[in-house]
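[1] give the three-dimensional model of this entry:
(one chain, ligands or ions: 1)
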Amino acid sequence: MRKTIIAGNWKMNKTFLEADIFLFELSENLEKIELGTVEVVICPPSLYLELASDIATDSKFHIGAQNVNDNADGAFTGEISAAMLHSMDLKYCIIGHSERRKYYSESDEMINAKLKKLHENEIIPILCIGETLEQREQGITKDIILAQLDGGLNGVEIEDNVVIAYEPIWAIGTGKTATPQQAQEIHSLIRNWLEENYSKDISEETSILYGGSMKPENVKELLSQSDIDGGLIGGASLDVSKFSKMIETAVEL
Ligand code: PEP
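    Alright, predicted model coming up:
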């Protein structure tokens, strides 16, 4: 049975003290929640990965990185390798986020190389894919999603070690959420693609998250869709009470 994952992507937010306080409060809140098949993940800025890992050791959440370099090691000033993330026992790493595709010109080819480095180091990639508003209006959303799946997962073996996040770019940080039906349509397309390119088992076991202005007010409707297995949450993951509420809703469903 596939997991429901509630993952927070903090992006470039929070000071060290704010991160510390949030993580302690989250730990306390999780003490009161029976998570069952729900998994909670926090992706803090890389500077706080050690702090977050330490706190997570005695708590019920996992840690993910927000980025990884596509090279194994070497002269890449400021970068972080998959082996370094592995040496800190991280479980997940986000790749292919639209902000990295846009501001750092990351191509599907580069994202694919990052994914393979993560797999070599036993880290589960959270592969983000999604269309722009322009592409949706042109009616090419499905083509874009399929091309990103083909490119990002090219030559990749999947066995319970990939999470996919569908994040329509027009819904990220804008307050506009895809309707549950719009999201479900693309999630089902992704699941069918997994079945065609891998197997029915892989398609049924792979968690497909939705991301794009998910918040306590819309999480229930979105998670009630049959192919939405959790959320990758930006803005609302910065507030511990909103984030905890979303976890509670996921557990209740
Ligand atoms: C994200 O950045 O992955 C995201 C979904 O952000 P937000 O929830 O703020 O739209």
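[2] tell me the contacts of residue 55?
    20, 23, 24, 27 (C-beta atoms under 8 Å, 6 or more residues apart in numbering). C-beta coordinates here come from the backbone N, C-alpha and C atoms, glycine included.
[3] ok but it is inside a helix, no?
    Yes: when DSSP: H, G, I helix; E, B strand; the rest coil is applied, residue 55 is found to be in a helix.
[4] now, the contacts of residue 55 that are in helices?
    Counting by DSSP state H, the part of the contacts of residue 55 found in helices is 20, 23, 24, 27.
[5] buried ones among these?
    The neighbour-count test (16 or more other C-beta atoms under 10 Å) marks residue 23 as buried among these.
[6] from residue 91, how far off is whatever residue of the chain ends up closest to the ligand?
    Closest residue of the chain to the ligand, C-beta to the nearest ligand atom: residue 234 (2.2 Å). Computed with C-beta to C-beta, to the nearest Å, the distance linking residue 234 and residue 91 is 19 Å.
[7] more neighbours: which of the two?
    Set side by side, residue 234 and residue 91 show more neighbours around residue 234, with 22 against 16, by other C-beta atoms under 10 Å.
[8] tell me the confidence at the more buried one?
    What the model reports as pLDDT for residue 234 is 97.
[9] residues of the chain that sit close to the ligand?
    Taking C-beta under 6 Å from any ligand atom as the contact definition, the chain meets the ligand at 9, 167, 172-173, 211-214, 232-236.
[10] could you rerun that using 5 Å?
    Contact residues, the chain versus the ligand (C-beta under 5 Å from any ligand atom): 9, 172, 173, 211, 213, 232, 233, 234, 235.
[11] is it possible to get CSV of those residues that adds secondary structure?
    Supplementary listing: those in CSV, determined by three-state DSSP:
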residue, secondary structure
9, strand
172, coil
173, coil
211, coil
213, coil
232, strand
233, strand
234, coil
235, helix
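[12] so how do I select the buried members of those residues in PyMOL?
    Here is the PyMOL command that selects only those of these that count as buried (16+ other C-beta under 10 Å):
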select buried, resi 9+172+211+213+232+233+234+235
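[13] returning to that earlier point: does the residue of the chain closest to the ligand touch residue 11 like I think?
    Yes: here residue 234 lies in contact with residue 11, judged by C-beta atoms under 8 Å, at a distance of 6.1 Å.
[14] out of the residues of the chain next to the ligand, who's nearest residue 43?
    residue 9 (4.9 Å; C-beta to C-beta).
[15] list the residues that contact the closest one.
    So residue 9 contacts 43, 66, 94, 97, 211, 232, 233, 234, 237 (C-beta under 8 Å, 6+ apart).
[16] same list, those residues, but as TSV with distance to residue 148 please.
    Below are those laid out as TSV (distance: C-beta to C-beta, whole Å):
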residue	distance to residue 148
43	20
66	19
94	14
97	12
211	14
232	15
233	20
234	19
237	23
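[17] other SSEs contacting the helix or strand where residue 143 lies?
    Secondary structure from DSSP states H and E places residue 143 in helix 141-152. Contact analysis of helix 141-152 by 3 or more C-beta pairs under 8 Å, 6 or more residues apart in numbering; DSSP states H and E lists helix 108-120, strand 124-129, helix 180-197 as its packing neighbours.
[18] tabulate these (JSON lines), appending mean neighbour count.
    Formatted as JSON lines, the helices and strands packed on helix 141-152 follow (neighbours: other C-beta atoms under 10 Å):
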{"stretch": "helix 108-120", "mean neighbour count": "20"}
{"stretch": "strand 124-129", "mean neighbour count": "26"}
{"stretch": "helix 180-197", "mean neighbour count": "18"}
